[in-house]
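Colleague: Below are the sequence and a predicted model; questions follow.
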Amino acid sequence: MIVLGIDPGSVKLGWGLLLSSNRSFKRIDHGVIRMKSQTPLVERLVFIAQQLNLVLEAHNPDQVAFEALFQPHHTNFHSVATLGQARGAALLTVAASGRPVFEYSPAEIKKAVTGQGRADKTQVREMLRTILAMPEVPPEDASDALAVALCHAFRAQLSIPAR
């Protein structure tokens, strides 16, 4: 099974692809869709859809997993609304492709990758590097997306239902 993980963002959207087979996992590819924050939001949403379609066409994933939206206490409403719109553009793009979509909270992702739901980003990235036998850790947004994909792959292999 090929799993595409997505870490949504309105300026940087991370994606990561894994091959999951017989309790083994291999990184296929990863990347970050980068946009300028000065670009109007509508143009960024279109760009997200276009670039994500290219990833879907190039790699043909079987399933797609997203990090669920959550609001840290220090984030303002405008930031959350903008992130929600970017996430919505990505969700719609994937849903329109006919692929199954799954969502996981940040705590679920951290727990799946490190065994601890409160792990910090450094711990998650180091475990990813180890589990996926990567010589170095990808950029933060791409590694977050790989963690989402790995979380889904673990759960799928263990037949644990996603939300």
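Modeller: Sure, I can see it.
Colleague: alpha carbons only for contacts and neighbour counts from here, please
Modeller: Will do.
Colleague: by contact count, what packs against the helix or strand hosting residue 49?
Modeller: Assigned by DSSP states H and E, residue 49 belongs to helix 41-59. If contacts are counted by 3 or more C-alpha pairs under 8 Å, 6 or more residues apart in numbering; DSSP states H and E, helix 41-59 sits against helix 77-96.
Colleague: buried sites along the helix or strand encompassing residue 130?
Modeller: Under DSSP H and E, the secondary-structure element containing residue 130 is helix 121-131. Neighbour-count burial for helix 121-131, with 16 or more other C-alpha atoms under 10 Å as criterion, is recorded at 124-129, 131.
Colleague: what about this structure, any weak spots by pLDDT?
Modeller: Scanning the chain for pLDDT under 70 picks out the ranges 70-75, 159-163.
Colleague: next one: the helix holding residue 130 to chain centre, how far?
Modeller: Here the centre of mass of C-alpha atoms in helix 121-131, compared against the chain's by C-alpha atoms, centre = their mean, to the nearest Å, lies 15 Å away.
Colleague: One more: stretch 30-39?
Modeller: In this view, stretch 30-39 has its centroid 14 Å away from the chain centroid, taken as C-alpha atoms, centre = their mean.
Colleague: Helix, strand or coil: sort out residue 36 for me.
Modeller: For residue 36, the secondary structure call by DSSP: H, G, I helix; E, B strand; the rest coil comes out as coil.
Colleague: Now do the contacts for it.
Modeller: Under the criterion of C-alpha atoms under 8 Å, 6 or more residues apart in numbering, the contact partners of residue 36 comprise residue 11.
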